[in-house]
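*Asks:* I would like to see how this sequence folds:
(one chain, ligands or ions: 2)
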Amino acid sequence: MSALAVRGLDKSFGGLRVTSSVDLEVEPGERRLIIGPNGAGKTTLFNLITGELRPDRGAITLFDRDITRIPSRRRAHLGLARTYQIITLFPRETLLGNVTLSLLGLSRLRWNPCVALRRQAGLVARAHEVLARVGLESLAERPLAQTSYGERRRVEIAMALAQRPRILLLDEPFAGLSTEERRDAVADVVRREVADRPVHNQLTVVPLDAPTEAEEIT
Ligand SMILES: Nc1ncnc2c1ncn2[C@@H]1O[C@H](COP(=O)(O)OP(=O)(O)OP(=O)(O)O)[C@@H](O)[C@H]1O
Ligand SMILES: [Mg+2]
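*Replies:* Ligands and ions are numbered 1, 2, ... in the order given. Next up, the predicted model:
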């Protein structure tokens, strides 16, 4: 079984062919780095895998299940999580607020504001837990705008991990970070998460352009 498989994936924007017959197969628990020059179509490939874009041709499977036509939100429920090349968080919200909102986005509660309050306690507790996991518990109540770029990257990873993903896609997780921040904010956090998973629930990690993070390069 593969964790993620992509077969013959094509995507064009107008006349511009961005991905052309892309094939990729990643095993459960594998860390697979994908590299390529600027504009090669790496982010587009992620957008196709997560369902933010539709391919013109080809198929995508997650743990051997065809997800090519499944909407983006349901792919998240099947264990797919990602971070973005350009950070997409709410600057005026606190760190805790940002992580809780991302969990709420995945929860059925978002359809029902009346029952939300009580059950939200569970989401807030989970948000505290993942912030602690990435070493940001002491900043939980701080507005995101008052944190460093490296801390924001960590919040983003916390948000992705909060979903308990089986596959984690990281779009240029090291971009804009110092060597120390790369290690503290990203590499160590991901490594710890990988190490702490039980064998039956391994985390597959696919980073873009983050050379120390992977065992195999595509
Ligand atoms: N939504 C879109 N509409 C039109 N063109 C797009 C769209 N998204 C990406 N492109 C184009 O597709 C090409 C590949 O872009 P993409 O962002 O996937 O590359 P990348 O490999 O992630 O590059 P980078 O290293 O700069 O992040 C670029 O020429 C880009 O301008
Ligand atoms: Mg990109």
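*Asks:* Surely residue 50 is in contact with residue 82?
*Replies:* Yes: the pair residue 50 and residue 82 qualifies as a contact (Cβ atoms under 8 Å) at a distance of 5.5 Å. (Glycine included, C-beta is placed from N, CA and C.)
*Asks:* okay, and the common contacts of the two?
*Replies:* When contacts are counted by Cβ atoms under 8 Å, 6 or more residues apart in numbering, residue 50 and residue 82 are jointly contacted by residue 169.
*Asks:* quick one, which of the two is more surrounded?
*Replies:* The residue with more neighbours, out of residue 50 and residue 82, is residue 82; 22 against 19, by other Cβ atoms under 10 Å.
*Asks:* what's across from that one in the sheet?
*Replies:* Applying DSSP bridges to residue 82 yields these beta-bridge partners: residue 169.
*Asks:* does the residue of the chain found nearest ligand 2 count as helix, strand or coil?
*Replies:* Using Cβ to the ion, residue 43 is the residue of the chain that sits closest to ligand 2, at 3.1 Å. Reduced to three states with DSSP: H, G, I helix; E, B strand; the rest coil, the structure at residue 43 is helix.
*Asks:* Number of residues surrounding it?
*Replies:* By other Cβ under 10 Å, 18 other residues sit near residue 43.
*Asks:* show me the contacts for it.
*Replies:* With contacts defined as Cβ under 8 Å, 6+ apart, residue 43 is in contact with 85, 171, 208.
*Asks:* Likewise for residue 27?
*Replies:* With contact set as Cβ under 8 Å, 6+ apart, residue 27 has these partners: 2-3, 204.
*Asks:* Those residues also near ligand 2: which ones?
*Replies:* The overlap between the contacts of residue 27 and the neighbourhood of ligand 2 (criterion: Cβ under 5 Å from the ion) is empty.
*Asks:* quick one: which of those residues is nearest residue 128?
*Replies:* The shortest gap between residue 128 and any of those belongs to residue 204, at 26.1 Å (Cβ to Cβ).
*Asks:* Wait, that closest one touches residue 190, no?
*Replies:* No: under the criterion of Cβ under 8 Å, residue 204 is not in contact with residue 190, lying 11.4 Å apart.
*Asks:* Show the backbone phi and psi for residue 60.
*Replies:* Reported as degrees, to the nearest 10, the phi and psi values for residue 60 are phi -130, psi 130.
*Asks:* I'd like to know how far it sits from residue 28.
*Replies:* Taking Cβ to Cβ, to the nearest Å as the criterion, residue 60 is separated from residue 28 by 16 Å.
*Asks:* any chance you could map the strands in this structure?
*Replies:* Taking DSSP state E as the test, the strands found in the chain are 4-13, 16-26, 32-33, 57-62, 65-66, 80-83, 167-170, 204-207, 216-217.
*Asks:* residues contacting residue 164?
*Replies:* residue 79.
*Asks:* Repeat that for residue 62.
*Replies:* Listed by Cβ under 8 Å, 6+ apart, the contact partners of residue 62 are 3-4, 75, 78-80, 167.
*Asks:* will you turn the residues you listed into a markdown table that also has distance to ligand 1?
*Replies:* Formatted as a markdown table, the entries for the contacts of residue 62 read as follows, by distance: Cβ to the nearest ligand atom, whole Å:
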| residue | distance to ligand 1 |
| --- | --- |
| 3 | 22 |
| 4 | 18 |
| 75 | 18 |
| 78 | 23 |
| 79 | 23 |
| 80 | 18 |
| 167 | 18 |
